[in-house]
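# Quick one: sequence plus predicted model below, questions after.
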Amino acid sequence: MAVSVPFYRSRDWALDLWDHGYQPVIAPLKDKHPVMPWKRWQTERVPRDLVEEWFSHGEHNIALITGARAGIVVVDGDSQEACGHIEAVCEATPMVIQSSKGAHYYYRHPGGKVPNATRILDDPPIDVRGDGGIIMGPGSMHASGVLYRLREGGYDLRSVADLPLYRREWFPDLRHTEICESVRPVVLFSSPSGQDAYSQAQKYVSATPGATQGAGGDSFTYVMACRLVRGFNLPDEEAISLLREWNRECTPPWDEQDLKAKVQHARAYGTGEFGSMLVSRGNLRQGLLCYGWPQ
């Protein structure tokens, strides 16, 4: 369904989304907040005639409910770097362009709990919208006036049932239990010890797939360097040592000088907080890193 920006009709988009299995609710134009109570529709299917009634007069934004009942999880990248990371780690899927830099990636809900997570990654900035979440759908208008649109504006919608499955291993830092969206990772500089920091970073590296050339590999490798140098607060030589281990899984492997350059750039230009991925022993639950989330 291709729509030109000046003449789109939100009613057509909303009904088309409903017909493809999504859960659309109404929001004011250029606004991200629904104008009516929408929590009910997290557990019930929105009636089609109600959607038609909501969108029958004027133009509006279309909020899509995410989570188990809606059947979708949306990964939200807020920058070109974030989108490169998502495309390197996650399976290819329909995406909705939300600005000149960011995009939403739609996946089928895998069952169980997939909580919302604001800044599951800070560098690059990535959010996950799962159970209890909401996100602006295609046909909506950003406050800047930019239209949320399908890639290149000419791709058909894909039904919820036909979306690729969201996989938890894509974001191993996200613990799939019910958590408060506002909770952020703790920042610890002196504790745990340097030995613990290296051990935690080593576990993270071993659980992360290698980068692939032509699939956002350059951005993915830079992100890994940022994680080690900033997130785990490692010295350059330790970060490079772990990058060498991880590099064996990359296709093709990076040259040594490239790895060193990534580490240097991560320290000089990365935006993540130093130590933001470290946890104390008190925040370990059954051997899993909880990153400051409630016990």
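Arrived safely. Every value quoted in this text rests on a predicted model; they were computed, and no experiment measured them.

# What ranges does the stretch 51-200 of the chain have for its strands?
Ranges of strands within the stretch 51-200 of the chain are 61-65, 72-77, 95-97, 103-108, 117-122, 125-129, 134-136, 149-150, based on DSSP state E, counting those that start in this stretch.

# roughly how far out does the second one sit from the chain middle?
It refers to strand 72-77. Relative to the mean C-alpha coordinate of its chain, strand 72-77 is positioned 5 Å out (C-alpha atoms, centre = their mean, to the nearest Å).

# Next: the fourth one.
From the chain centre to the centre of strand 103-108 is a distance of 8 Å (C-alpha atoms, centre = their mean).

# Can you show me the CA trace of it as PDB?
Taking Å, rounded to 0.1, in the frame of the first residue of the first chain, the C-alpha atoms of strand 103-108 are listed here in PDB:
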ATOM      1  CA  ALA A 103      13.400   2.900  12.000                       C
ATOM      2  CA  HIS A 104      11.100   0.300  13.600                       C
ATOM      3  CA  TYR A 105      11.600  -3.400  12.900                       C
ATOM      4  CA  TYR A 106       8.600  -5.700  13.300                       C
ATOM      5  CA  TYR A 107       8.700  -9.300  14.600                       C
ATOM      6  CA  ARG A 108       6.200 -11.900  15.600                       C
END
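
# can you pull the contacts of the residue lying closest to residue 107 once chain neighbours are set aside?
The shortest distance from residue 107 to any non-neighbouring residue, by C-beta to C-beta, 6 or more residues apart in numbering, is to residue 166 (3.6 Å). Any C-beta I mention is one placed from the backbone N, CA and C, and that applies to glycine too. With contacts defined as C-beta atoms under 8 Å, 6 or more residues apart in numbering, residue 166 is in contact with 73, 75, 107-110, 114.

# Okay, residue 59 and residue 41: tell me how far apart.
For residue 59, the distance to residue 41 equals 21 Å [C-beta to C-beta, to the nearest Å].

# When these two are compared, which one has more neighbours?
Using other C-beta atoms under 10 Å as the criterion, residue 59 and residue 41 rank with residue 41 on top: 22 against 15.

# Please name the bridge partners of the residue lying closest to residue 32 once chain neighbours are set aside.
Leaving aside its chain neighbours, residue 32 sits nearest to residue 136 (5.9 Å; criterion: C-beta to C-beta, 6+ apart). Going by DSSP bridges, residue 136 is paired in beta bridges with residue 63.

# May I see the buried residues of stretch 57-66?
60-66 (16 or more other C-beta atoms under 10 Å).

# make that stretch 259-266, sorry
259-260, 262-263, 266.

# do stretch 72-92 as well
By neighbour count on 16+ other C-beta under 10 Å, the buried set for stretch 72-92 is 72-79, 81-90.

# do the same with stretch 113-129
Neighbour-count burial for stretch 113-129, counted by 16+ other C-beta under 10 Å, picks out 114-129.

# send the alpha carbons of that stretch over as CSV?
Only the C-alpha atoms of stretch 113-129 are listed here, as CSV (Å, rounded to 0.1, in the frame of the first residue of the first chain):
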residue,chain,number,x,y,z
LYS,A,113,7.3,-12.6,28.4
VAL,A,114,9.0,-10.0,26.3
PRO,A,115,9.1,-6.8,28.4
ASN,A,116,9.5,-3.3,27.1
ALA,A,117,13.0,-2.0,27.4
THR,A,118,14.1,1.6,27.0
ARG,A,119,17.7,1.8,25.9
ILE,A,120,18.4,-1.9,26.0
LEU,A,121,21.5,-0.6,24.2
ASP,A,122,22.7,3.0,24.9
ASP,A,123,25.4,2.9,22.2
PRO,A,124,23.8,2.7,19.7
PRO,A,125,20.4,3.7,21.1
ILE,A,126,17.9,0.7,20.8
ASP,A,127,14.6,0.1,22.4
VAL,A,128,12.4,-3.0,22.5
ARG,A,129,8.6,-2.7,22.5
